[in-house]
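Trainee: please work out how this folds:
(chains A and B)
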Amino acid sequence: GENVEQHPSTLSVQEGDSAVIKCTYSDSASNYFPWYKQELGKRPQLIIDIRSNVGEKKDQRIAVTLNKTAKHFSLHITETQPEDSAVYFCAVGGSNYQLIWGAGTKLIIKP
Amino acid sequence: DAGITQSPRHKVTETGTPVTLRCHQTENHRYMYWYRQDPGHGLRLIHYSYGVKDTDKGEVSDGYSVSRSKTEDFLLTLESATSSQTSVYFCAISGPGMMDGYTFGSGTRLTVV
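Mentor: Numbering: from 1, shown residues only, chains lettered A, B, ... in the order given. From the prediction side, this is the model:
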């Protein structure tokens, strides 16, 4: 079955700098790649997603890039702000019509 | 909020008792899911439903059962609660396709003592 690895598990960046979180997957038939943000004590919320026919997608300060050949995709956050502090989860959807989740990355924004 | 509510929000129960958690949606989505979230394990799928009375097991289904008698309601039952089932439980919905617009409920924090 699908296997999703997410790195790093914790990322600490200075406010204003960029943050990058990477996920790798194993099933080449996977075709849907969402990213979720979970603030402390809250529910996970979709922040951006990409499908396999697109290489990159942007929404203001966040972007997701997909490399289907290498089977990895990344979340990029530019000009980080304190409110970006959260746990970020990647997920992969594909042939079995379920989302398989990464273990999460705790992003810490240092003032 | 996002058309999905979970109840109760918090519950403390004793080992060996049955517990039922409720997920209610107003979006008329076909797909509903129950996850548990534990430190170091991320989100793990317990059971999911792809229609009324149509359910299937996820990766951690042992000790749990589900029922979906109406489109809007998806119930998760811990048949005989154990301390290892202490967790935060999230319901999610998606639609129109199975991976479209996954939306989570606010979660239920369950403590089994």
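Trainee: identify the bridge partners of the most centrally placed residue in chain B.
Mentor: Closest to where the C-alpha atoms of chain B average out (C-alpha atoms, centre = their mean) is residue B:34, at 2.9 Å. On the basis of DSSP bridges, residue B:34 is bridged to residue B:47, residue B:91.
Trainee: repeat for residue A:74
Mentor: Beta-bridge partners, per DSSP bridges, of residue A:74: residue A:22, residue A:65.
Trainee: tell me if I'm right that it and residue A:24 touch.
Mentor: No - look at residue A:74 against residue A:24 with C-beta atoms under 8 Å: they stay out of range, at 9.8 Å. C-beta here means a position set from N, CA and C on the backbone, and glycine is covered the same way.
Trainee: give the residues shared as contacts by the two.
Mentor: Residues touching both residue A:74 and residue A:24 (C-beta atoms under 8 Å, 6 or more residues apart in numbering or on different chains): there are none.
Trainee: ok, back up a step: what sits against the residue nearest to the centre of chain B?
Mentor: Applying C-beta under 8 Å, 6+ apart, the residues contacting residue B:34 are B:21, B:23, B:45-48, B:58, B:64, B:66, B:74, B:76, B:89-91.
Trainee: would you check how far apart it and chain A are?
Mentor: Noted for residue B:34: a distance of 13 Å to chain A, by C-beta to the nearest C-beta, to the nearest Å.
Trainee: in chain A, where is pLDDT below threshold?
Mentor: Residues of chain A meeting the criterion pLDDT under 70: A:95-97.
Trainee: could you redo the last one with a cut-off of 50?
Mentor: Applying pLDDT under 50 to chain A flags no residue at all.
Trainee: residues in chain A within reach of chain B, list them.
Mentor: Where chain A comes near chain B, counting by C-beta under 8 Å from any C-beta of the partner chain, the residues are A:32, A:34, A:36, A:42-46, A:89, A:91, A:93, A:97-99, A:101-104.
Trainee: just the buried residues of these.
Mentor: In those, burial by neighbour count holds for A:32, A:34, A:36, A:43-44, A:89, A:91, A:93, A:98-99, A:101-104, counting by 16 or more other C-beta atoms under 10 Å in any protein chain shown.
Trainee: do you have the strands of chain B handy? List them.
Mentor: Ranges of strands in chain B, per DSSP state E, are B:4-7, B:10-13, B:19-25, B:31-38, B:42-51, B:54-57, B:64-70, B:73-78, B:87-94, B:103-104, B:108-112.
Trainee: okay, the ones you listed in TSV with distance to residue A:63 and mean pLDDT next?
Mentor: Shown next, in TSV, are the strands of chain B (distance: least, C-beta to C-beta, whole Å; pLDDT from 0 to 100):
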stretch	distance to residue A:63	mean pLDDT
strand B:4-7	28	97
strand B:10-13	37	97
strand B:19-25	31	98
strand B:31-38	26	95
strand B:42-51	23	92
strand B:54-57	34	94
strand B:64-70	37	97
strand B:73-78	34	98
strand B:87-94	23	96
strand B:103-104	22	94
strand B:108-112	34	97
